[in-house]
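Asker: Sequence and computational prediction follow.
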Amino acid sequence: MTTSADSDHVGPVLVLVGSPGAGKTSVGKRVAQRLGVPFADTDALIEEAAGMPVADIFVVEGEESFRDREAATVARALEEHEGVLSLGGGAILRDETREHLSGHRVVWLRVSVSDAAARVGLNTARPLLLGNVRGTLGALLEQRTPLYEAVASDIVETSGRTLRQVVDEVSALVGATSPAEGSGT
């Protein structure tokens, strides 16, 4: 019987949380590639299972129904996915999801309102950001920041940084080295 932490590991090697525009999907895909593990995004998993985009689920079923789907999807992914997992920005709103994250390596990709707003723009695929994007992002960050802090084992600042810089820092947290082409400038 082995007691190695790696052989006992169940679930993702890394979970990314953060607000819309933090870069969870972009960073997650690249970190997974460096680690040689699969990447999954819970919003994409929800869309696949529902057969419709997240924005349509909000319109057709309402936010509460979407959050129910999200909580179930996150719980399942935390048990089954063995790569890098990106959670939707509001996944941490549910108590049960925060409890499920306990014991996992959770990296909060922290972003300023101005950087997040510039990144998401007027993306209509983000149902909670319709209308005043900057104001809505500010309110979301104010509400969610304590929750992101509560679940995070690590915090990586993304504002004012290149994607490569963020990927390098997140990768270093899990022991992945930069690719041979350089250290990112």
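Answerer: Thanks, I have the structure now.

Asker: Counting by contacts, list what the host helix or strand of Arg164 packs against.
Answerer: Under the criterion DSSP states H and E, the helix or strand holding Arg164 is helix 163-173. Helices and strands in packing contact with helix 163-173 are listed as strand 14-17, helix 24-35, strand 106-110, strand 154-157; criterion 3 or more Cβ pairs under 8 Å, 6 or more residues apart in numbering; DSSP states H and E. (Each C-beta comes from the backbone N, C-alpha and C, glycine too.)

Asker: Work out the gap between that helix and the centre of the chain.
Answerer: Using Cα atoms, centre = their mean, to the nearest Å, the distance from the centre of helix 163-173 to the centre of the chain it belongs to is 14 Å.

Asker: For that helix, output the C-alpha coordinates as CSV.
Answerer: Taking C-alpha atoms only, helix 163-173 is exported to CSV below (Å, rounded to 0.1, in the frame of the first residue of the first chain):
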residue,chain,number,x,y,z
LEU,A,163,-1.8,35.8,-20.2
ARG,A,164,1.6,34.2,-20.3
GLN,A,165,2.6,35.8,-16.9
VAL,A,166,-0.5,34.5,-15.3
VAL,A,167,-0.1,31.0,-16.8
ASP,A,168,3.5,30.9,-15.6
GLU,A,169,2.5,31.8,-12.1
VAL,A,170,-0.4,29.3,-11.9
SER,A,171,1.7,26.6,-13.5
ALA,A,172,4.5,27.2,-10.9
LEU,A,173,1.9,26.6,-8.1
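
Asker: tell me which residues in it are buried?
Answerer: 164-171 (16 or more other Cβ atoms under 10 Å).

Asker: Kindly report the same for stretch 68-80.
Answerer: Using 16+ other Cβ under 10 Å as the burial criterion, the residues of stretch 68-80 that qualify are 69-71, 73-75, 77-78.

Asker: quick check: mean pLDDT across that stretch?
Answerer: Predicted confidence along stretch 68-80 averages 96 (mean pLDDT).

Asker: can you list contacts of that stretch?
Answerer: Outside of stretch 68-80, the residues that reach it under the criterion Cβ atoms under 8 Å, 6 or more residues apart in numbering are 10-12, 15, 40, 42, 45-46, 49-50, 57, 85, 87-88, 90-91, 94, 96-97, 100-101, 104.

Asker: picking that back up, out of the buried residues of stretch 68-80, name the ones that lie in helices.
Answerer: When helices are assigned by DSSP state H, the members of these inside them are 69-71, 73-75, 77-78.
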